[in-house]
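K.L.:
Have a look at this prediction, sequence included:
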Amino acid sequence: MKDRSRLTTEKRNPRSAAIDTLDSLGIVDVIAAEDALIAPAVARQRRRIAAAVDIIVERLGRGGRLFYVGAGTSGRLGVLDASECPPTYGVPRTLVQGIIAGGRRALVRSVEGAEDDADAGAAELDKRRLTSDDVVCGIAACGLTPFVRGAVTRARKIGCATLFVTCSPEVRDALDADVVICPVVGPEVVTGSTRMKAGTATKLVLNTLTTAAMIRIGKVHGHLMVDLRAGNAKLRDRSERILMEFSGLARPAARKLLAAAAGELKPAIVMHARGADYPTALKLLAACKGSLRQAAWGPLSRPARQQC
């Protein structure tokens, strides 16, 4: 599309046309009213998001990885979502990776022109030695960003599964990806400022993709993050509270059990439930493909501590 003014993300919003004449409360009310449109727009993409989750789960099961590729706000959101997966779900930092046009410095300042290089997007994926087991998710509010589209094109040539998140319905059908997720949130309050509604919609989509995928691969039990990495006081406290809930132990005993489990919550729960030591708990979890429900409380074959 040559005429970007036709994109939803670039159109003028009549509801904010006189926003500069309003007082602070009036401005806040206009923004809030527009923001109220975001969640329903994302919800209308529920089937596409679920299809994307299924793809991610299947590829992770093969040993693949998930890559987000974006520029500007879209790139930062991808990097943010990827960076939060290891502490929350205890996965390797390489499992979900964010790539932003312009590299690390683009996370904190604009790198002009970086997004316009399609070859650079492809090259960033080449550095990561993609395989056909990986998933590449392009993120571009306008759907046109060359850096992003170049990366997705390269991924398709390699045989990767491909996803695309955009807020521009005008380009949706022209995007060459296995699943295109397109929450239509309408024109921005400040024309073209896609860090606002489009950015919020993108954040909701990415949150759902990784959260649902991690739940599907056993990183959550009930609604508890049983594979978290307790790297700070808040997470250590959360680990202790979760273990106390599962085991009925007082906090000092829960803390001692966690120490015996090298600070890992899921093995600690299995150790208490099965009366096992740490190495045995790890073997049980491995045999049950990481499922806490099976490793801790499911039926065991004989010998009891060998397999599920």
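P.N.:
Nice, thanks for sending it over.
K.L.:
Okay, domains of the protein per the record?
P.N.:
Following the assignment in automatic domain parsing, the chain carries domains at 4-216, 233-297.
K.L.:
Now render those as TSV, adding distance to residue 226 and mean neighbour count.
P.N.:
Where you see a C-beta, it was placed from the backbone N, CA and C, and this is true even at glycine. TSV is the format used below for these (distance: least, C-beta to C-beta, whole Å; neighbours: other C-beta atoms under 10 Å):
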stretch	distance to residue 226	mean neighbour count
domain 4-216	9	19
domain 233-297	5	18
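K.L.:
So for residue 98, what's the nearest residue that isn't a sequence neighbour?
P.N.:
residue 79 (3.3 Å; C-beta to C-beta, 6 or more residues apart in numbering).
K.L.:
now the longest helix seen in the chain, how far from the centre of its chain.
P.N.:
When the chain is parsed with DSSP state H, its longest helix is helix 197-216. Here helix 197-216 is found 5 Å from its chain centre; the criterion is C-alpha atoms, centre = their mean, to the nearest Å.
K.L.:
That one packs against which elements?
P.N.:
helix 24-35, helix 38-43, helix 46-61, strand 66-70, helix 72-83, helix 85-89, strand 135-139, strand 161-165 (3 or more C-beta pairs under 8 Å, 6 or more residues apart in numbering; DSSP states H and E).
K.L.:
Mind doing that once more with 7 Å?
P.N.:
In terms of contacts (3 or more C-beta pairs under 7 Å, 6 or more residues apart in numbering; DSSP states H and E), helix 197-216 is packed against helix 24-35, helix 38-43, helix 46-61, helix 72-83.
K.L.:
what sits against the residue most central in space within the chain?
P.N.:
Centroid-nearest residue in the chain: residue 210, 3.6 Å away (criterion: C-alpha atoms, centre = their mean). Contact partners of residue 210, counting by C-beta atoms under 7 Å, 6 or more residues apart in numbering, are 81, 85, 96.
K.L.:
And residue 194, by the same measure?
P.N.:
9, 73, 141, 188.
K.L.:
Now the nearest residue to residue 33 once chain neighbours are set aside. Its backbone dihedrals?
P.N.:
Distance criterion C-beta to C-beta, 6+ apart; nearest residue to residue 33, sequence neighbours excluded, is residue 15 at 7.2 Å. Taking degrees, to the nearest 10, you get phi -80, psi -10 for the backbone angles of residue 15.
K.L.:
Show the low-confidence segments of the stretch 201-308 of the chain, by residue range.
P.N.:
Applying pLDDT under 70 to the stretch 201-308 of the chain flags residues 300-308.
K.L.:
Out of the contacts of residue 194, list just those in helices.
P.N.:
Counted as lying in helices by DSSP H, out of these, are residue 73.
K.L.:
quick one: which of the contacts of residue 194 is nearest residue 255?
P.N.:
residue 73 (41.3 Å; C-beta to C-beta).
K.L.:
The closest one: what's it in contact with?
P.N.:
So residue 73 contacts 194, 195, 199 (C-beta under 7 Å, 6+ apart).
K.L.:
likewise residue 197?
P.N.:
34, 35, 38, 185, 186, 188.
K.L.:
Likewise for residue 57?
P.N.:
213, 216, 217 are the contacts of residue 57 under C-beta under 7 Å, 6+ apart.
K.L.:
What separation is there between it and residue 265?
P.N.:
Distance, residue 57 to residue 265, by C-beta to C-beta, to the nearest Å: 22 Å.
K.L.:
got it, and residue 10?
P.N.:
47 Å.
K.L.:
With residue 287 instead?
P.N.:
19 Å.
K.L.:
measure stretch 241-259 end to end?
P.N.:
Criterion C-alpha to C-alpha, to the nearest Å; first-to-last residue distance in stretch 241-259 is 14 Å.
K.L.:
can I get the contacts of residue 197 in TSV with distance to residue 173?
P.N.:
Formatted as TSV, the contacts of residue 197 follow (distance: C-beta to C-beta, whole Å):
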residue	distance to residue 173
34	26
35	27
38	23
185	18
186	19
188	22
